[in-house]
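>>> take a look and give me a structure for this.
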Amino acid sequence: MPAANELPAGIKDLAYRGGFELSHDRWESDLRELIRRLGLDVILGQMYEHGRGGLPKDDREAVRLYKLAADQGNAIGQTTLGVFYESGRGGLPKDDREAARLYKLAADQGNAAAQAYLGILYEQGRGGLPQDDRKALRLYKLAADQGNVYAQAGIKRLAP
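Have a look, this model is predicted:
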């Protein structure tokens, strides 16, 4: 968790606008609560993943934050954590089954990226899923309807 002086400038403003007081005496616990309330785990995870906002590039810290978001049912956190499992990044083992599980959770919430990634796993028969072009195509169509380009490419591959 970054110290107060290491946070992006807008965090204190977000807290203020969200009606949340950050106390110096309870800095870490207050900041964690603010992040949870505003769904900032994913945003902060992305900042660590890409080394933005003055934060160091740190995939392990990004994974920790994505896990927090995923555990709270955040579809973006679930999808991104799935990508990390699928590629074995951030100190995680390469685990297509866990990636598929996370993609399914996010896809069920309508997340287009998760729908496309889950479609790929069905198309390739990976992650403990059977190879099933019909399921893949259904998922690709859901994601493509939201503008996902990976899904649009999947439709071109599978559509008769």
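>>> quick check, E49 in contact with K57.
Yes. Using Cβ atoms under 8 Å, E49 makes contact with K57 at a distance of 7.3 Å. No exception for glycine: its C-beta is placed from N, CA and C like everyone else's.
>>> ok, the two, which is more surrounded?
Remark: of E49 and K57, E49 carries more neighbours, 22 against 12, as counted by other Cβ atoms under 10 Å.
>>> so how many other residues sit close to Q46?
Close neighbours of Q46, defined as other Cβ under 10 Å, add up to 17.
>>> again, but for V149
By the criterion of other Cβ under 10 Å, V149 has 11 neighbours.
>>> tell me which residues touch it, please.
By Cβ atoms under 8 Å, 6 or more residues apart in numbering, V149 lies in contact with nothing.
>>> and it, how close does it get to G54?
According to Cβ to Cβ, to the nearest Å, V149 and G54 sit 31 Å apart.
>>> which strand or helix spans the closest residue in space to D58 that isn't next to it in sequence?
Nearest residue to D58 in three dimensions, chain neighbours excluded: Y48, at 4.7 Å (Cβ to Cβ, 6 or more residues apart in numbering). If you go by DSSP states H and E, Y48 is part of helix 40-50.
>>> next structured bit after that helix?
Of the helices and strands lying after helix 40-50 in sequence (DSSP H and E), the nearest is helix 59-71.
>>> thought E123 was touching L158?
Yes. Between E123 and L158 a contact is recorded at 6.8 Å, counting by Cβ under 8 Å.
>>> neighbours of the residue nearest to D58, how many?
Per other Cβ under 10 Å, the neighbour tally for Y48 reads 23.
>>> and what of R157?
There are 11 residues near R157, going by other Cβ under 10 Å.
>>> quick one: it and I76, what's the gap?
Distance, R157 to I76, by Cβ to Cβ: 26 Å.
>>> low-confidence stretches in the chain?
Applying pLDDT under 70 to the chain flags the ranges 1-28, 30-32, 34-38.
>>> can you map out the helices along it?
Along the chain, the stretches classed as helices by DSSP state H are 10-17, 27-38, 40-50, 59-71, 75-87, 96-107, 112-124, 133-144, 149-158.
>>> elements contacting the fifth one?
Judged by 3 or more Cβ pairs under 8 Å, 6 or more residues apart in numbering; DSSP states H and E, the packing partners of helix 75-87 are helix 40-50, helix 59-71, helix 96-107, helix 112-124.
>>> right, I'll leave it there.
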